[in-house]
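Trainee: structure for this input, please:
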Amino acid sequence: MFRRRSPSLLHLWFVSLLSCCLASLSFASPLQLAPTLSATSKKFLADLQKTESTASNTDNAPSSLVEAEDSLDPLKITLSPEQKIGPIPKWALAPHIDEESSLVEIPIPSLAERTDIENFVITVNFMDMGDGGPLIEKQNKNDSNSSLLCSGLGINGPALGINSRNILIPNDLAIDGGKIIVRHAGRFKQLHSIILRPGRTAIVSALHENNIPAIIDHSTIIPQDLAEGATPVLKKGDTTHGHVTTASLSPSIEELDSSIQFNFDISRKPQATLFQTDILGLDLKAHIDVELNGKSIGPLNVSSFEFDSAELITETKTNDLLPQHLIAGWRSAYIYIAYDYLREKDNHLLLTVQPSGNSHGYKIHLKNSSLKMLHGDEPHPR
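Mentor: I've put the predicted structure just below:
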């Protein structure tokens, strides 16, 4: 026989405590149970509502869900290989992409209401097929017609490949806001990306008579004529400033298939020499070897860049394990030539491309190839 025991006071206290806990949990609010989940849900719903509102205003444009944190972040629009917008900076509105009309419309705020912004710089990366390239227009808020800012960003001539141009939208044009329009009629698929960046005016000193700054981007100075949309000039002829003579080897655009040779004569060996050129289409993993009179003098030095540069293009192809990178547009390049490598009279400078194992397949071009020579006490032209 088993005798039933009466519950002890300790047992009754434990059961009572457990009942109170369960009752408290059953009446607890969701915010008390999971405050992190509630905050996340609210943020998600807010982002979703904002995205739906943005999409309804841009004909379902592929805009980003993320808003840029910095109030002066750039607005980046990728058009190829797929369309993507964003993040949207706080100063910007979502752009409108109209592939049928071959244009991109980018609203800009009135600078009268934005004291932290004084101007804009637009960078257009595009496939330059020698057809003149895209054009840029500005349309004021209350106007139905647009005014032309740049008639053609590319060249009329040989197909170059991935080119890039920076155009300044000065304060007097941007003061009333409106739209910036990039148009490439019939060739919209040649547009790769568009980056619009807010800027400020800086006080600078131009120390060289031929150097009138218009845009200072990191350590790069873009001259005024190019920033206003002028066609990049080919630097013909020789010039001498003090003890330095710049002798033109080939101002024209030259395709660098696998190698290219420049022949030049000098009547007297200079104290120091630089070979300079502008280069377009060089794979970041490739390099160019330089020989002078049959002797190797090293690789061609190409100008550096920033990882947030507007000209840096990221491509991911089907068989690529990692994205491939390319700098669009012209970049300066140089190599120092020691005194001993030069000889009086006949000289031969040979450039040879050493491609990477996974090249983009873009053509490489040179332009404005020249020698900069330092002479002694007396200026000495070539």
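Trainee: quick one, helices of the protein?
Mentor: With DSSP state H as the criterion, the chain has helices at 9-26, 30-33, 35-57, 171-174, 224-227.
Trainee: and those, which one's lowest on average pLDDT?
Mentor: Mean pLDDT values for the helices of the chain show the minimum at helix 30-33, a mean of 34.
Trainee: for the closest residue to Asn140 other than its chain neighbours, give the beta-bridge partners.
Mentor: Nearest residue to Asn140, sequence neighbours excluded (C-beta to C-beta, 6 or more residues apart in numbering): Gly178, at 4.3 Å. C-betas here are computed from N, CA, C, even on glycine. For Gly178, the beta-bridge partners under DSSP bridges are Ile108.
Trainee: wait, Gly178 sits on Leu111?
Mentor: No - counting by C-beta atoms under 8 Å, Gly178 stays clear of Leu111, with 10.7 Å between them.
Trainee: please report how far Glu344 lies from Asp98.
Mentor: Counting by C-beta to C-beta, to the nearest Å, the gap from Glu344 to Asp98 is 62 Å.
Trainee: show me which of these two is the more surrounded one.
Mentor: Applying other C-beta atoms under 10 Å to Glu344 and Asp98 shows that Asp98 carries more neighbours, namely 14 against 10.
Trainee: would you confirm that the more buried one contacts Gln83?
Mentor: No - contact criterion C-beta under 8 Å: Asp98 and Gln83 do not qualify, at 11.3 Å.
Trainee: end-to-end on stretch 178-192?
Mentor: One end of stretch 178-192 to the other measures 23 Å (C-alpha to C-alpha, to the nearest Å).
Trainee: quick one: mean pLDDT for that stretch?
Mentor: 95.
Trainee: show me what that stretch is in contact with.
Mentor: By C-beta atoms under 8 Å, 6 or more residues apart in numbering, the residues outside stretch 178-192 that reach it are 78-80, 99, 101-108, 120, 122, 124-129, 131, 133-141, 143, 146, 162, 169, 194, 196, 313, 328.
Trainee: buried stuff in that stretch?
Mentor: Buried residues in stretch 178-192, counting neighbours by 16 or more other C-beta atoms under 10 Å, are found at 178-184, 187-188, 190-192.
Trainee: what residues sit buried inside stretch 221-239?
Mentor: Under the neighbour-count criterion of 16+ other C-beta under 10 Å, stretch 221-239 has 222-223, 226-227, 229, 232, 235 buried.
Trainee: can you report how many residues lie near the closest residue to Thr231 other than its chain neighbours?
Mentor: Distance criterion C-beta to C-beta, 6+ apart; nearest residue to Thr231, sequence neighbours excluded, is Ile155 at 7.1 Å. Using other C-beta under 10 Å, Ile155 is surrounded by 19 other residues.
Trainee: same thing with the one 4 residues further on?
Mentor: Look at Ala159: counted by other C-beta under 10 Å, it has 14 neighbours.
Trainee: got the contact list for it?
Mentor: Applying C-beta under 8 Å, 6+ apart to Ala159 gives the contacts 128-130, 363.
Trainee: ok, which stretches of the stretch 51-200 of the chain are strands?
Mentor: Along the stretch 51-200 of the chain, counting by DSSP state E, counting those that start in this stretch, strands occupy 75-78, 84-85, 96-98, 103-108, 119-128, 135-139, 147-150, 161-169, 178-183, 191-199.
Trainee: mind checking which of the ones you listed is nearest Thr245?
Mentor: Among these, strand 161-169 comes nearest to Thr245, with 30.2 Å by C-beta to C-beta.
Trainee: give the PyMOL command for selecting the buried subset of the contacts of stretch 178-192.
Mentor: Of the contacts of stretch 178-192, the buried ones can be selected in PyMOL as follows, counting by 16+ other C-beta under 10 Å:
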select buried, resi 78+79+80+102+103+104+105+106+107+108+120+122+124+125+126+127+128+129+131+133+134+135+136+137+138+139+140+146+162+169+194+196+313+328
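Trainee: list the contacts for Ser370?
Mentor: 235, 246-249, 251, 275-277.
Trainee: which members of those are classed as buried?
Mentor: Neighbour counting over these (16+ other C-beta under 10 Å) leaves 235, 246-249, 275-277 as the buried ones.
Trainee: could those residues go into JSON lines alongside distance to His208 and pLDDT?
Mentor: Below are the buried ones among the contacts of Ser370 laid out as JSON lines (distance: C-beta to C-beta, whole Å; pLDDT from 0 to 100):
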{"residue": "Lys235", "distance to His208": "14", "pLDDT": "84"}
{"residue": "Thr246", "distance to His208": "12", "pLDDT": "92"}
{"residue": "Ala247", "distance to His208": "18", "pLDDT": "91"}
{"residue": "Ser248", "distance to His208": "18", "pLDDT": "93"}
{"residue": "Leu249", "distance to His208": "21", "pLDDT": "94"}
{"residue": "Phe275", "distance to His208": "20", "pLDDT": "97"}
{"residue": "Gln276", "distance to His208": "15", "pLDDT": "97"}
{"residue": "Thr277", "distance to His208": "19", "pLDDT": "97"}
